[in-house]
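Enquirer: What would the 3D arrangement of this be:
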Amino acid sequence: MIDASGENVGVIATEEAFRIAREADLDLVEVAPNAEPPVCRVMDYGKFLYERTKKEREARKAQVKVEIKEIRLRPKTTEHHRGFKVRDARRWLGNGMKVKVRIRFRGREITYPEIALDDLRSIAEELSDVAVVEQNPSLEGNSMLMVLAPAKTKKK
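Expert: This is a model prediction of the structure:
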């Protein structure tokens with residue numbers, strides 16, 4: 001058992017532990033039930049729960065949520081329009097977001113996947129200063145996609 005001041009009292013009977021907790025006007029909390037013998041502590045249980053939830057909230061705040069943005073293109077998208085999409089992707093990557101580049105095929109366009117592959121490679125090359133390819137171009141259903149992640153070190 002550990003008392004209210006944090007000192008180890010040692011192995012004592014359960015009734016004795018309850019008595020010590022009652023005298024201190026605190027709760028007897030089992031902190032390590034699987035230990036041999038089980039470890040109990042005299043503490044304010046309400047305060048303990050409050051501090052634990054507070055720590056969990058702080059941990060959630062510190063978590064980094066990675067947002068994935070997507071740009072959608074077609075094999076027939078012109079260089080001019082693709083430039084707008086690449087500019088958006090560059091801005092998102094600069095803000096630390098991941099970018100999914102999807103080229104969607106319609107009709108018989110799927111018979112020429114090399115056109116989309118060339119487009120994806122050129123986009124990756126244009127953004128190579130701010131991004132790394134996290135997932136290489138792959139054909140999934142009627143679209144080909146690639147995932148870009150922000151580069152760790154930015155070249156200037």
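
Enquirer: Output the longest helix belonging to this protein.
Expert: helix 45-62 (DSSP state H).

Enquirer: Return the set of buried residues in it.
Expert: Within helix 45-62, no residue is scored as buried using 16 or more other Cβ atoms under 10 Å. Quick note: C-beta positions are derived from backbone N, CA and C, even for glycine.

Enquirer: Stretch 134-141 now?
Expert: Buried residues in stretch 134-141, counted by 16+ other Cβ under 10 Å: residue 137.

Enquirer: what do you get for stretch 98-115?
Expert: For stretch 98-115, by 16+ other Cβ under 10 Å, it's 98, 99, 100, 101, 102, 103, 104, 105, 109, 110, 115.

Enquirer: need the helices for the protein, in chain order.
Expert: So, for the chain - with DSSP H - the helices run 14-23, 45-62, 79-94, 113-126.

Enquirer: which secondary structure elements does the second one contact?
Expert: In this structure, helix 45-62 makes packing contacts with strand 27-32, judged by 3 or more Cβ pairs under 8 Å, 6 or more residues apart in numbering; DSSP states H and E.

Enquirer: same check, this time on the last one
Expert: Using 3+ Cβ pairs under 8 Å, 6+ apart as the contact definition, the elements that helix 113-126 packs against are helix 79-94, strand 98-104, strand 131-140, strand 143-150.

Enquirer: Compile these into JSON lines and extend it with columns for distance to residue 43.
Expert: Shown next, in JSON lines, are these (distance: least, Cβ to Cβ, whole Å):
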{"stretch": "helix 79-94", "distance to residue 43": "48"}
{"stretch": "strand 98-104", "distance to residue 43": "44"}
{"stretch": "strand 131-140", "distance to residue 43": "46"}
{"stretch": "strand 143-150", "distance to residue 43": "45"}
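
Enquirer: how about CSV for the ones you listed, with distance to residue 62 and mean pLDDT added?
Expert: Below are the helices and strands packed on helix 113-126 laid out as CSV (distance: least, Cβ to Cβ, whole Å; pLDDT from 0 to 100):
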stretch, distance to residue 62, mean pLDDT
helix 79-94, 22, 92
strand 98-104, 20, 94
strand 131-140, 23, 92
strand 143-150, 19, 93
